[in-house]
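Novice: Provided below for reference: sequence and predicted model.
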Amino acid sequence: MPEAKIAPSLLAGDFSQLGHECKRMIENGSDWLHVDIMDGHFVPNITIGPPVVTCMRKAVSKEIGFFDCHMMVANPEQWVQPFADAGGSLYCFHYEATKDPEALIEQVRKAGMKVGCAIKPKTPASVLFPFAEKLDMILVMTVEPGAGGQSFMPDMMPKVKELRERYPDMDIEVDGGLGPKTIGQAADAGANVIVAGTSVFGATDPAEVIKLLRDTVNKAQAAVPSK
Ligand SMILES: O=C(CO)[C@H](O)[C@H](O)COP(=O)(O)O
């Protein structure tokens, strides 16, 4: 199984100083930085675009900061090159937002980024089966996309389990309501990339929460008998 990666969601950070927030999370032990891109069409909220990511990238080089860009946008094809130019590391589009996922995967690869595909809570895991082998990461949303601070949906765990069984070496990310109380369920189901906004940014000691999330994933992985 791939290693645990903890990705604090900058959505819960201070948007007036995103460069600083990126550095602070890296200092606190984060592996990736989760960047939530919302366009007001795919979800009823607007966050940031390529100019802001360009500034964040100036603050944090590619060597130290992996930008996991979660594209909650209606036309993901339109934003591939702008996000590659801005310094995105991984471009995670939503299955529900594209008519041709395979062409989009190819487009992202050509632009030089890793590629992920996200599914909303009502979307079954099976939609990914035809092209999942071409992905670097699958994101199973554990809340409805659009806002931080929502409650974790435990009924998404069977999807994570199903995907982990089919794709033992795939990065499988969960996003929404993850924290010390819910990480056990996600880790036991087989998730290895953990997005956490409120629980990390709201903590008195973010390093402690990041460590707990990572330790829980590692412990769950160690308990799985090797085949
Ligand atoms: O994708 C998201 C919202 O669409 C956020 O990344 C997610 O909700 C994380 O925030 P929190 O940990 O506060 O739930």
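Specialist: Here it is on my side, so go on.
Novice: What is the neighbour count of the closest residue to Pro51 other than its chain neighbours?
Specialist: Spatially, and ignoring its direct neighbours in sequence, Pro51 is nearest to Ala86 (7.6 Å; Cβ to Cβ, 6 or more residues apart in numbering). The way it works is simple: take the backbone N, C-alpha and C, and place the C-beta from them, glycine included. The local packing of Ala86 (other Cβ atoms under 10 Å) involves 21 other residues.
Novice: what does the longest helix seen in the chain rub up against?
Specialist: Longest among the helix segments of the chain by residue count, using DSSP state H, is helix 206-223. If you take Cβ atoms under 8 Å, 6 or more residues apart in numbering as the criterion, helix 206-223 is touched by 1, 4, 6, 8, 24-25, 28-31, 178-180, 183-184, 187-188, 190-192, 194, 196, 199-200, 203.
Novice: Would you agree Cys117 is in contact with Leu139?
Specialist: Yes - counting by Cβ atoms under 8 Å, Leu139 is a contact partner of Cys117 at 7.1 Å.
Novice: Report the contact partners of Gln107.
Specialist: For Gln107, the set of contacting residues under the criterion of Cβ under 8 Å, 6+ apart consists of 77, 80.
Novice: hmm, back to that, now the longest helix of the chain: mean pLDDT?
Specialist: Confidence over helix 206-223 (mean pLDDT, whole number) is 97.
Novice: swap in stretch 136-149?
Specialist: On average, the pLDDT along stretch 136-149 is 98.
Novice: Send me that stretch as CSV with only the CA atoms.
Specialist: The C-alpha atoms that make up stretch 136-149 are tabulated as CSV, following Å, rounded to 0.1, in the frame of the first residue of the first chain:
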residue,chain,number,x,y,z
ASP,A,136,-2.2,8.6,-9.8
MET,A,137,-4.9,9.2,-7.2
ILE,A,138,-8.6,8.7,-6.5
LEU,A,139,-10.4,11.1,-4.2
VAL,A,140,-13.5,9.8,-2.4
MET,A,141,-15.3,12.8,-1.0
THR,A,142,-16.5,12.3,2.5
VAL,A,143,-18.7,15.4,2.5
GLU,A,144,-20.6,17.2,-0.3
PRO,A,145,-17.9,19.4,-1.9
GLY,A,146,-18.2,23.2,-1.5
ALA,A,147,-17.4,24.0,2.1
GLY,A,148,-15.1,23.1,5.0
GLY,A,149,-16.2,22.2,8.5
